[in-house]
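**Student:** Sharing a model that was predicted from the sequence below.
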Amino acid sequence: QVQLVESGGGLVQAGGSQRLSCAASDRTFSSYVMGWFRQAPGKEREFVAGFTSTVGGTSYADSVKGRFTISKDTAKNTVYLQMNNLKPEDTAVYYCAARLYYGTNPPRADYWGQGTQVTVSS
């Protein structure tokens, strides 16, 4: 069973920063490509950032390039999303995802965390 547990959401002012964390099991972390998606009210879930393989390489949505950074700590089986220069349009529920596929446009994933709310005030 794949379990992804996100943390780190909350309220932040525009221009501020926030870091999301996603903890996974050993098997999930080592076996699957992981990343982050988000869903704003009234909109479809969209890809934000992800690793392109289990050993490295990253991909970002155009809307977050230069502001967001995905990283991981293999000792802690945790993936992070560092978000800088946040904008009100970044407000959404952010989901950690595992087993990403880039063959589709947009990318998709098979496993999801429960989501964490990020609200950016103007």
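**Tutor:** On my side now, so go ahead.

**Student:** what about whichever strand or helix holds G35, average pLDDT?
**Tutor:** Using DSSP states H and E, G35 sits in strand 34-39. Across strand 34-39, pLDDT averages out at 98.

**Student:** and the gap between the most centrally placed residue in the chain and P106?
**Tutor:** In the chain, the centroid-proximal residue (C-alpha atoms, centre = their mean) is W36; its distance is 2.1 Å. Using C-beta to C-beta, to the nearest Å, W36 is found at 13 Å from P106. C-beta: built from backbone N, CA, C; applies to glycine.

**Student:** Pull up the overlap in contacts between those two.
**Tutor:** Common neighbours of W36 and P106 are not found (criterion: C-beta atoms under 8 Å, 6 or more residues apart in numbering).

**Student:** residues of the lowest-mean-pLDDT helix or strand in the chain that come out buried?
**Tutor:** Lowest on mean pLDDT, DSSP states H and E among the helices and strands of the chain sits helix 26-31, with a mean of 86. Under the neighbour-count criterion of 16 or more other C-beta atoms under 10 Å, helix 26-31 has 28-29 buried.

**Student:** What pairs with the strand holding G35, parallel or antiparallel?
**Tutor:** Next to strand 34-39 in the sheet, as set by DSSP bridges, lie strand 46-53 (antiparallel), strand 92-101 (antiparallel).

**Student:** Great, nothing more from me.
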